[in-house]
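**Q** Curious how this folds, go ahead:
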Amino acid sequence: MALRIEDYALIGDTQTAALVGRDGSLDWLCMPRFDSHACFAALLGGPEHGRWRIAPAGPVTSTARRYRERTLILETDFRTDGGAVRLIDAMPPRDHSPDLVRIVEGLEGEVAMDLELIVRFDYGSIVPWVRTIDGVWRAIGGPDALSLRAPVELHGVDLTTRASFTVRAGQRVPFLLVWHPSHESPHWIDPEQAIEDTARWWEEWCGHCRYDGEWRELVLRSMITLKALTFGPTGGIVAAPTTSLPERIGGVRNWDYRYCWLRDATFTLYAFLVGGYTEEAVAWRNWLLRTVAGDPADIQIMYGAAGERRLTEHVLPWLPGYEGSAPVRIGNAASRQLQLDVYGEIMDAMHLALDSGVEPDSAAWALERTLIEHLEQIWSEPDEGIWEVRGPRRHFTHSKVMAWVAFDRAIKIAERFGEKAPLDRWREARARIHDQVCRQGFNTSRGVFTQYYGSTDLDASLLMLPLVGFLPADDPRMRATVAAIERDLLRDGLLLRYPAQEKTREVDGLPPGEGAFLACTFWLADNYALQGRLDDARRTFERVAGLANDVGLLSEEYDTGAKRLVGNFPQAFSHVSLVNAARNLCDGRGGPAKDRQARARE
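**A** Next comes the predicted model:
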């Protein structure tokens, strides 16, 4: 039976990542980068599609796991009748090629251990050629190769590599798995030294975090997770390290999130900046300049980690999907959608970067001005919106609000830094959008803002209106909208994105069925804080934060009926919303959300 999503933990080297189950099984890994073909895909297809498990051979009486403090080094303790062992998992920040280090440490007594290694390249479809050369185990399949150094005797059985060994108290048995191009030899590192180096790297990075408020450990774990989802060589930030983990078990809402959404990246950038990590902000700005270079009409909502544009969506029919949730998809067709909100998110991030001390850049302003000039031509068009609907385009209220944000932040940057810009024209566009949203996005019969012009339905994205400074949180229209969202979208203290079940297909063209959206619930806590409802804000925040698994990780959504995490994991959008909401609540006055709102009204 498959492990629950919350039974996994993340390790990574800021270029790719792996998921390790609490049973010692590494079930998901793409090498050499996040969106490469998987070599371990048991998560989506079962053990026969690739996994690496190291665990006690006999019954386990208890399991406990944790991250080593202020690192991404995972430690899992297994206790058996004969003793106890610790499995240490890490991916060292790389010099050359991706490395996976696993060390078995004897804690008490004597424990018999089993190793099972099944490599299947190209998402479980390619059985590699396996052989041993000079004591090194090697698996080759097309352009990819994995080499393993292990101090135990390995043998092959039914296309699976196995080993049995015993660990006694005080012993440490290291394993090193290296990816390399199949036409090259592997580059070896020392596993023990790699663990020390990895700990030092993460501890140094964590030492720069400025957050010192309540929930510090949870916030810092989220910041580490966000850093792990940053593609180090380019500064791009992926939404999640996985593809096709379902939004509902057995459902079809299974998407590839191993790409850099402009929206998710800007939210993440906001968390980094208010946490004091300006280096990540500069790297992301440079990634953006390179990625969207060219005709602004060709801007996409997402790109590959190095800025790739062609993200063609495919279905992998040989994989049954997580707990039978098919189809399994790689690539993402939403990359070709029109989503007006990304213009606002880009400009908001650029504005915040400058506010946080990042130096102005003439190339950045040239790009921003070009984007705004293009937005002048298209802001009045319908789009697919923040939720990437695969139904008809509509005039989504949130999209128009974020178009307003784009003009607003562009005006503020030009005014503050003396940049050349057609300010009168931009101010006119800003006012026109604001007026249109207040007239057409507001349903007078219900007395609330609605999902799209002419609709009567709500949408959790409307909670962003006060967070970006479009309206004050205590505006009667916003108070009424928040109250209606509470009535219509709350389920067991968590928010749905929009009305569930019967109306879902009408909106996004897909069958109904998804979990509550965790980021949206954090936005509700932000709104409560801005309205002065601090008890409600704290209760809501702690409800969502309490869904993090035992090592502090959140997925995209939560199934309130099955009481389990669903969706891709771990999810940047959820963790960045946790960080920002914690900051908003830590001083009891709305924190950075209030500051952001004030800056927008300056």
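**Q** Could you work out the end-to-end span of stretch 23-37 for me?
**A** 24 Å (C-alpha to C-alpha, to the nearest Å).
**Q** same thing with stretch 174-190?
**A** Start-to-end, stretch 174-190 (C-alpha to C-alpha) is 9 Å.
**Q** Identify the residues contacting that stretch?
**A** 31-32, 39, 52, 54, 92, 95-104, 115, 136, 140-151, 191-192, 194 (C-beta atoms under 8 Å, 6 or more residues apart in numbering). (Each C-beta comes from the backbone N, C-alpha and C, glycine too.)
**Q** Which ChimeraX command selects the buried ones in the residues you listed?
**A** What follows is the ChimeraX syntax selecting those of the contacts of stretch 174-190 that are buried according to 16 or more other C-beta atoms under 10 Å:
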select :31,39,52,54,92,97,98,99,100,101,102,103,104,115,140,141,144,145,146,147,148,149,150,191,194
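**Q** Show only the entries of the contacts of stretch 174-190 found in strands.
**A** Applying DSSP state E to the contacts of stretch 174-190, the entries found in strands are 39, 52, 54, 99-104, 115, 136, 140-141, 144-149.
**Q** All the helices of the stretch 1-150 of the chain, residue numbers only.
**A** Taking DSSP state H, counting those that start in this stretch, the helices of the stretch 1-150 of the chain run over residues 42-45, 121-124.
**Q** gap between the helix or strand in which residue 219 is found and the chain center?
**A** Using DSSP states H and E, residue 219 maps to helix 216-228. Here helix 216-228 is found 12 Å from its chain centre; the criterion is C-alpha atoms, centre = their mean, to the nearest Å.
**Q** So which bits of it are buried?
**A** 218-228.
**Q** worst-scoring helix or strand of this protein, pLDDT-wise?
**A** In the chain, the helix or strand scored least confidently by mean pLDDT, DSSP states H and E is helix 591-601, which has a mean of 52.
**Q** Report the distance from stretch 278-286 to the chain centre.
**A** Centroid separation between stretch 278-286 and its chain, computed with C-alpha atoms, centre = their mean, is 18 Å.
**Q** Low-confidence stretches in the stretch 1-150 of the chain?
**A** For the stretch 1-150 of the chain, the stretches flagged by pLDDT under 70 are 1.
**Q** Thought residue 113 was touching residue 56, still the case?
**A** Yes - with contact defined as C-beta atoms under 8 Å, residue 56 reaches residue 113; the gap is 6.0 Å.
**Q** on that earlier part again, mind picking the one among the buried residues of helix 216-228 that's closest to residue 405?
**A** Comparing those against residue 405 with C-beta to C-beta places residue 226 closest, at 22.2 Å.
**Q** Now residue 492: phi and psi?
**A** phi 50, psi 40 (degrees, to the nearest 10).
**Q** That one reaches residue 560, doesn't it?
**A** Yes - at 4.3 Å, residue 492 and residue 560 qualify as touching, with contact defined as C-beta under 8 Å.
**Q** helix, strand or coil for residue 579?
**A** Here residue 579 is recorded as helix under DSSP: H, G, I helix; E, B strand; the rest coil.
**Q** OK, contacts around it?
**A** 211, 219, 222-223, 226, 271, 274-275.
**Q** Not counting sequence-adjacent ones, nearest residue to it?
**A** Leaving aside its chain neighbours, residue 579 sits nearest to residue 271 (4.2 Å; criterion: C-beta to C-beta, 6 or more residues apart in numbering).
**Q** How about residue 264?
**A** Of all residues beyond its chain neighbours, the one nearest residue 264 is residue 239 (4.7 Å), with distances taken as C-beta to C-beta, 6+ apart.
**Q** Can you tell me the number of residues neighbouring the one you found?
**A** 25 (other C-beta atoms under 10 Å).
**Q** Doesn't it lie inside a helix?
**A** No - using three-state DSSP, the assignment for residue 239 is coil, not a helix.
**Q** which residues make contact with stretch 203-218 from outside it?
**A** The contact list for stretch 203-218 (C-beta under 8 Å, 6+ apart) reads 70-71, 219-220, 223-224, 227, 274-277, 545, 548, 552, 578-579, 582-583, 585-587.
**Q** Just after the longest helix along the chain, pick out the following helix or strand.
**A** If you go by DSSP state H, the chain has its longest helix at helix 397-417. With elements assigned by DSSP H and E, the helix or strand that comes after helix 397-417 is helix 423-440.
**Q** CA atoms only: put that next one into PDB for me.
**A** What follows is helix 423-440, C-alpha atoms only, in PDB (Å, rounded to 0.1, in the frame of the first residue of the first chain):
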ATOM      1  CA  LEU A 423       2.700  58.600 -15.900                       C
ATOM      2  CA  ASP A 424      -0.500  60.500 -16.800                       C
ATOM      3  CA  ARG A 425      -1.500  57.600 -19.100                       C
ATOM      4  CA  TRP A 426      -0.700  55.000 -16.600                       C
ATOM      5  CA  ARG A 427      -2.600  56.800 -13.800                       C
ATOM      6  CA  GLU A 428      -5.600  57.000 -16.100                       C
ATOM      7  CA  ALA A 429      -5.400  53.300 -16.700                       C
ATOM      8  CA  ARG A 430      -5.100  52.600 -13.000                       C
ATOM      9  CA  ALA A 431      -8.100  54.600 -12.200                       C
ATOM     10  CA  ARG A 432     -10.200  53.100 -15.000                       C
ATOM     11  CA  ILE A 433      -9.400  49.500 -13.900                       C
ATOM     12  CA  HIS A 434     -10.200  50.400 -10.300                       C
ATOM     13  CA  ASP A 435     -13.500  51.900 -11.300                       C
ATOM     14  CA  GLN A 436     -14.400  48.900 -13.500                       C
ATOM     15  CA  VAL A 437     -13.700  46.400 -10.800                       C
ATOM     16  CA  CYS A 438     -15.700  48.200  -8.200                       C
ATOM     17  CA  ARG A 439     -18.700  48.400 -10.700                       C
ATOM     18  CA  GLN A 440     -18.500  45.100 -12.600                       C
END
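**Q** Just the buried residues of that helix, please?
**A** Of the residues in helix 423-440, those buried (16+ other C-beta under 10 Å) are 426, 429-430, 433-434, 436-437.
**Q** Enumerate every residue touching residue 38.
**A** Here residue 38 is in contact with 28-30, 50, 122-124 (C-beta under 8 Å, 6+ apart).
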